[in-house]
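Student: what follows is a protein structure lacking sequence information:
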Ligand SMILES: [Zn+2]
C-alpha cells in the first residue's frame, strides 16, 4: 500500500461515517446500514486484493457488506462485482439500465458524448498510449433475481435498510447513473460530479460526459435534495456549493468527441 493510502486509512480509523477506501484513482465508500454496511461502487477488477486489505485495516469484515450501491456500469465502478458477489451474499442496487450494460462488460459507447475539454483528451490519449490495460472493459456481470433495480428517484428503499437518505437518478455522465443524498447532506455522487484533475479545467464535471445539460440537471437535483458535502468517486470530498458555482459552464455541443 502506498504511503498516501496508509495516511488516509489511519484518518479513517477515527472517522465515523462514511468510511472512505481509496483504491487508486477511485474512492469506495461504506455507509452504515442495518446489519452492516452499504458499499458505494467497486474499483477496477485489479483493485480487489487492495480493497480487501483496506477493509481489514478499517476493521470491517467482508460479510458485513450487505448492499452494493452501483452508481453506474463503468469499468472502474463495476470491476470486481464477480469476486465480491461470490464471496458475500450482498444485494446489488443499481439502475435498471445497468443490467444490459453490465452483461456486455464494456463502457457504453453508443450514447455519444466526449471529453470535457481538449486538455483532458490529450491526457487520456497519453494514458491510453502508455497503459495498454486501460481498455474501458470489465468482466461481464449478470444481475441476480435478488438484486434491486431502480428506475426513478426513490425516497423509501434506503430508509427500509436503515439509511436516512434517498436515491436519485442522475444521468449526464452516462444513462444508468444513480446517486445517494443522505438527510444529513452527505451526497455520494459516483461520477455525476468529480474533483479529479481540477487544474485542467474540469469545473467539477467528470472527465467524460454523454450530456452536459442532463448532468447539470442532476447537479440541481442533488442540490434540491439538500446535498452539502459531495463525496465523488474520483477526487476529494468538496462543498456542494461548487456545483452551484460551476453549473452550466460546459455545453454538450462543445464536448470533445472521442468515440
Ligand atoms: Zn464513469
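Tutor: Received, thanks. It should be emphasised that the depicted structure is a prediction, and the values quoted were computed from it without experimental measurement. Numbering: from 1, shown residues only.

Student: when you work out contacts or count neighbours from here on, use the C-alpha atoms and nothing else.
Tutor: Noted.

Student: any idea how far residue 156 lies from residue 254?
Tutor: As judged by Cα to Cα, to the nearest Å, residue 156 and residue 254 stand 38 Å apart.

Student: residue 245 - how many residues pack around it?
Tutor: 11 (other Cα atoms under 10 Å).

Student: give me the distance between the closest residue to residue 257 other than its chain neighbours and residue 208.
Tutor: Residue nearest to residue 257 in three dimensions, not counting chain neighbours: residue 114, with 4.3 Å by Cα to Cα, 6 or more residues apart in numbering. When distance is defined by Cα to Cα, residue 114 is 6 Å away from residue 208.

Student: any idea which residue is closest to the centre of the chain?
Tutor: By Cα atoms, centre = their mean, the chain has its centre lying nearest to residue 190, at 2.6 Å.

Student: show me the contacts for the nearest residue to it once chain neighbours are set aside.
Tutor: The spatial neighbour of residue 190 that comes closest, neighbours along the chain excluded (Cα to Cα, 6+ apart), is residue 233 at 4.8 Å. Residue 233 makes contact with 26-28, 188-191, 194 under the criterion Cα atoms under 8 Å, 6 or more residues apart in numbering.

Student: wait, residue 90 touches residue 62, no?
Tutor: No - in terms of Cα atoms under 8 Å, residue 90 does not count as a neighbour of residue 62; the distance is 9.7 Å.

Student: the more surrounded of these two?
Tutor: When neighbours are counted by other Cα under 10 Å, residue 90 comes out ahead of the other of residue 90 and residue 62, with 21 against 17.

Student: quick check: pLDDT value at that one.
Tutor: Residue 90 is assigned a predicted lDDT (pLDDT) of 98.

Student: tell me the contacts of it?
Tutor: With contact set as Cα under 8 Å, 6+ apart, residue 90 has these partners: 63, 65-68.
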